[in-house]
Structure formats: structure tokens, C-alpha cells
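Visitor: Curious how this folds, go ahead:
(one chain, ligands or ions: 1)
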Amino acid sequence: MIRSVVRGFGIALPKRVLTNAELESMVDTSDDWIVQRTGIRQRYIAGEGETTASLGEGAARAALDKAGLTAADIDVIIVATSTPDNTFPATAVNIQNRLGMHHGFAFDVQAVCSGFVYAVTTADAYIRGGLAKRVLVIGAETFSRILDWTDRTTCVLFGDGAGAIVLEAQEGAGTNQDRGVLTTQLRSDGAHREKLYVDGGPSTTGTVGHLRMEGREVFKHAVGMITDVVVSSFDATGFSADDIDWLVPHQANKRIIDGSAKKLGIPLEKVVVTVDLHGNTSAASIPLALAAAASDGRIKEGDLVLLEAMGGGFTWGAVLLRW
Ligand code: UT7
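Guide: The predicted structure is shown next:
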């Protein structure tokens, strides 16, 4: 049985760090409030010349290096982003060109904070379906450019960055001991659209718009939705919470991360947290966290790794893979 195995990973972050203390001088907020309510201490903000594509390219190059591959070895590029540099062409095509890759194909996936889980699921389907041997999966965002910097309820939460992995087709035995993606679970429900959305777009206002969120409402749904897809992942593979070596959640809020881990029965020592450093980077948050734990030696070959996310739409999903 063909499995999609992680061959390499990499990240790119903007140069500029924005601390909670700096935000205190921009809106009516405090370091205490931000840390207590979210766990965020700083975030990276894209500066001049830094775009979703430039960050995505940086993460892609790092992932290719780690895998010992070049763009010539890649068949497909999938970029998860809700902050494309242009309405079209896709950011993925821009990154493809920046990598000097003129074969294969590239496209974007838009599922907001669940984007990386959606992109990995899509890549896995291409690989298992025999349409691609190696897929570069990138989560890249510049949410700073769609924030209302006068709205303290949102502007303190988000940051910019990119993370990437290379998924490669490898032969597995077809058991849950195989390396690679073991199951993917996706959900969406557009009834929740108004709780987290951008108030503009090419076909409505003709402008980019700003992010709007009823944070408390999103919070109320998050833990239940995450639990739903994680339990489905366990049902599909025969694993339980005790089998998980690392939970790598979407990094929106430390309280949501802790609440989900507690409800699932996964001890906090097994949870990768980077929200303190990056804030909420939407589709980039999982690959940023994955790379942090893989490069410092926490995630090792053979470990069972659970990814989960929930965000605008609402969309939510999980990926269970063996590293
Ligand atoms: O990434 C995908 C999805 N996004 C999320 O998962 C985000 C989910 N939501 C959250 O993380 C939390 O709801 C927030 C961090 C956004 C807010 O935390 P909360 O504990 O739900 O706070 P709240 O919205 O209930 O607000 C509590 C108070 C309010 O004041 P009053 O009405 O109690 O007087 C807010 O006006 O905190 C106030 N507040 C702030 N105070 C200082 C809101 N934002 C700030 C701020 N600084 N930045």
C-alpha cells in the first residue's frame, strides 16, 4: 500500500518581531491580558518585500534541503493560504516559479486555519491515487495584512510565517505501523460563516477586507470540533490517546490547546506549543510547530503524530501520521 511519508520540513519567518509590549502602545491592551487569555508573547510581522510567496518559498527551500531534494524532484506544490499575494494567480504557482520549477502543477487550498490539514489530505490523495510521487505542502500566511490594527479583539492574536513539508510516496504494509499518513479527517459547516470571516473580497466589495471574529463564539465550538475529528481518526486507525507520541495542534490559543488535550486525555508533555512565539499564523501554524519539534529532536522517526485544526468557515480536521 502506498503511504505519504514526510521526507523533509522547513520554515521561514519574517525578520520583524512584534511583542505584546509594543501592542500596548497601539491599542488598549496589556501583556498580562494577552498572555493569560491566549498564551501569545510575540508574533512575527512581514515587512517590505516579505510576502506570502517569499515566506512560502523560504520554507519550501528549507524543506527541500532537509529532504536532500531539489524542485526537480517535486511533482506538485500545494499551498494552504487565506492571504494570497494576489487574487490570482495562485500563490503556489508564484512559489513554483520562484523555485525555478516549470514542470508539474501547483495550486492553492483555502480553508483558513485548517488549511494545512486540508492540504496534507489533498496531497495524500494525489500520492495514494498514483498522481504524484512527491508533493511539497506549504502553509504560508501574512495575516498582518488583513488585520484591523485598531481592533484589539483581533490584532493581538495573529502573526505571519510559513512552514512546509515534503511528502513522498513510499510502500507500506497497509497496517497502522506503517510510516506516513495513516488517516485524514475533514469537516466544514458554512452555517458558522459570520463568526470568523473577512469583510471583503473581489466579488463583493472589490477590496481585500479585514478579518472579523466573534472570538468567544469560535472558542465555544473549538474543543468539541477538534475532539470530533480526533475521535474519528482513532476509530479509523484503531489507536487511542495513549498511543499518541506528539499532538501538534493548530496554534490559536493556549487555552484551546490545553482544553482539547485534556478532553482527549493527551498529557501536556506530549503537546507541541509554539503559539507563544508565533501567535496564530493560520495555515502556517501546524508546519511551524511540526518543524520546531522535529528539529529539536522531540519528534523522532516512528513517532505517532496527531495534527488537528479548526478555523474560519467553520472548517476543521485532523491528520494522524507516523513520522
Ligand atoms: O484560529 C482559528 C480560530 N480562532 C480561534 O480559535 C480564536 C478563538 N477565540 C479565542 O481565542 C478567545 O475567544 C479570544 C482570545 C479571542 C478572547 O478571549 P476570551 O476569554 O474569549 O475573551 P472575551 O472575548 O470574552 O473578552 C473578555 C474581555 C472583554 O471585555 P468585557 O466585555 O468583559 O469588558 C473584551 O472586550 O476582554 C476584552 N478584550 C481585551 N482586553 C484587553 C478583548 N480583547 C482584548 C485585548 N486586550 N486585546
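
Visitor: Tell me the residues on the stretch 1-150 of the chain that lie near the ligand, please.
Guide: Residues of the stretch 1-150 of the chain lying near the ligand by C-beta under 6 Å from any ligand atom: 29, 33, 37-38, 113. To be clear about C-beta, it is placed using only N, CA and C from the backbone, and glycine gets the same treatment.

Visitor: how about TSV for those residues, with pLDDT, neighbour count and secondary structure added?
Guide: Below are those laid out as TSV (pLDDT from 0 to 100; neighbours: other C-beta atoms under 10 Å; DSSP: H, G, I helix; E, B strand; the rest coil):
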residue	pLDDT	neighbour count	secondary structure
Thr29	98	17	coil
Trp33	98	14	helix
Arg37	98	16	helix
Thr38	98	22	helix
Cys113	98	33	helix
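
Visitor: now the residues you listed as CSV including distance to Pro202?
Guide: Below are those laid out as CSV (distance: C-beta to C-beta, whole Å):
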residue, distance to Pro202
Thr29, 32
Trp33, 36
Arg37, 34
Thr38, 31
Cys113, 22
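
Visitor: Tell me the secondary structure at Ile266.
Guide: Put simply, Ile266 is coil when judged by DSSP: H, G, I helix; E, B strand; the rest coil.

Visitor: wait, it sits on Trp246?
Guide: No - assessed by C-beta atoms under 8 Å, Ile266 is found out of contact with Trp246, at 9.2 Å.

Visitor: Now do the shared contacts for these two.
Guide: The contact sets of Ile266 and Trp246 overlap at Leu306 (C-beta atoms under 8 Å, 6 or more residues apart in numbering).

Visitor: Name the nearest residue to Ile299, sequence neighbours excluded.
Guide: Ala293 (4.6 Å; C-beta to C-beta, 6 or more residues apart in numbering).

Visitor: The one you found should be in a helix, yeah?
Guide: Yes - membership of Ala293 in a helix is supported by three-state DSSP.

Visitor: which residues sit in contact with it?
Guide: Taking C-beta under 8 Å, 6+ apart, we find Ala293 in contact with 246, 248, 272, 299.

Visitor: ok, the third one - how many residues close by?
Guide: Pointing back at Val272 there. By the criterion of other C-beta atoms under 10 Å, Val272 has 23 neighbours.

Visitor: In this protein, which residue is most central in space?
Guide: By C-alpha atoms, centre = their mean, the chain has its centre lying nearest to Ala283, at 3.3 Å.

Visitor: mind listing what it touches?
Guide: 80-82, 111-116, 119, 139-141.

Visitor: Next one: the residue nearest to it when sequence neighbours are not counted from the ligand, what distance?
Guide: Nearest residue to Ala283, sequence neighbours excluded (C-beta to C-beta, 6+ apart): Gly115, at 3.1 Å. Distance of Gly115 to the ligand, computed by C-beta to the nearest ligand atom, to the nearest Å: 10 Å.

Visitor: List phi and psi for Gly115.
Guide: Dihedral pair for Gly115: phi -50, psi -40, per degrees, to the nearest 10.

Visitor: just checking, it touches Ile138?
Guide: No - taking C-beta under 8 Å as the definition, Gly115 is not a contact partner of Ile138, at 9.9 Å.

Visitor: who touches both of those two?
Guide: Counting by C-beta under 8 Å, 6+ apart, the shared contacts of Gly115 and Ile138 are Ala80.

Visitor: More neighbours: those two, which one.
Guide: Taking neighbours as other C-beta under 10 Å, Gly115 and Ile138 compare with Ile138 leading, 36 against 32.

Visitor: phi, psi of the closest residue to the ligand within the stretch 201-323 of the chain?
Guide: Among all residues of the stretch 201-323 of the chain, Gly215 sits closest to the ligand, at 2.6 Å; criterion: C-beta to the nearest ligand atom. The phi/psi pair for Gly215 (degrees, to the nearest 10) reads phi -50, psi -50.

Visitor: Tell me the confidence at it?
Guide: Note for Gly215: predicted pLDDT of 97.

Visitor: thought it was touching Thr153?
Guide: Yes - using C-beta under 8 Å, Gly215 is in contact with Thr153, at 6.0 Å.

Visitor: for the residue nearest to Ala283, what are its contacts?
Guide: Applying C-beta under 8 Å, 6+ apart, the residues contacting Gly115 are 80-82, 109, 139, 282-283, 309, 311.

Visitor: Repeat that for Val273.
Guide: Counted by C-beta under 8 Å, 6+ apart, Val273 has contacts 39, 251, 254, 257, 289.

Visitor: pLDDT added to the residues you listed, as CSV?
Guide: As requested, those are exported to CSV (pLDDT from 0 to 100):
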residue, pLDDT
Gly39, 98
Gln251, 98
Lys254, 98
Ile257, 98
Ala289, 98
